[in-house]
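1. 3D model of this:
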Amino acid sequence: MHKNIEKTIYIEGMHCEGCINRVSNVLSNIKEVKTYQVELGKAVIILKKDIDLNIIKEKIENLGFKVRGEL
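-> Take a look at the predicted model:
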């Protein structure tokens, strides 16, 4: 049995509910992500298993945001 892994990432450039929805949509399409909570400037992600977090960073930055923090 795998232990869930919690990661908090900080995201610059988020200004509205639309930004939150765009980041949420990206996270929902990553199979290793179990759950997530996105708010302005931050996302708390629970992973099913350890993955290369640069995958998440790249997908979010492709939306035009800047990821900083725990990654």
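2. low-confidence ranges in this structure?
-> 1-2, 70-71 (pLDDT under 70).
3. What are the buried residues along the single longest helix found in it?
-> Secondary structure of the chain per DSSP state H: the longest helix is helix 17-28. Residues of helix 17-28 classed as buried by neighbour count (16 or more other Cβ atoms under 10 Å): 19-20, 22-23, 26-27. Just so you know, the C-beta spots here come from the backbone N, C-alpha and C atoms, and that holds for glycine as well.
4. Nearest to V67 among these?
-> Nearest to V67, judged by Cβ to Cβ, of these is V23 at 9.8 Å.
5. isn't that closest one right up against N62?
-> No: look at V23 against N62 with Cβ atoms under 8 Å: they stay out of range, at 11.0 Å.
6. contacting residues around T8?
-> 42-45, 69-70 (Cβ atoms under 8 Å, 6 or more residues apart in numbering).
7. Okay, helices next: where are they in this protein?
-> 17-28, 53-61.
8. now those helices in TSV, with distance to Q37?
-> Supplementary listing: the helices of the chain in TSV, determined by distance: least, Cβ to Cβ, whole Å:
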stretch	distance to Q37
helix 17-28	9
helix 53-61	14
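9. Would you mind naming the residues that bridge with K7?
-> As for beta bridges, K7 partners with I45 under DSSP bridges.
10. where's it relative to G69, distance?
-> 9 Å (Cβ to Cβ, to the nearest Å).
11. quick one, which of the two is more surrounded?
-> More crowded of K7 and G69, by other Cβ atoms under 10 Å: K7, with 18 against 14.
12. so how far is G18 from that one?
-> Counting by Cβ to Cβ, the gap from K7 to G18 is 23 Å.
13. Same check on N62?
-> Where G18 is concerned, N62 sits at a distance of 16 Å (Cβ to Cβ).
14. do D50 as well
-> Distance from D50 to G18, by Cβ to Cβ: 31 Å.
15. now I51
-> I51 is 27 Å from G18, by Cβ to Cβ.
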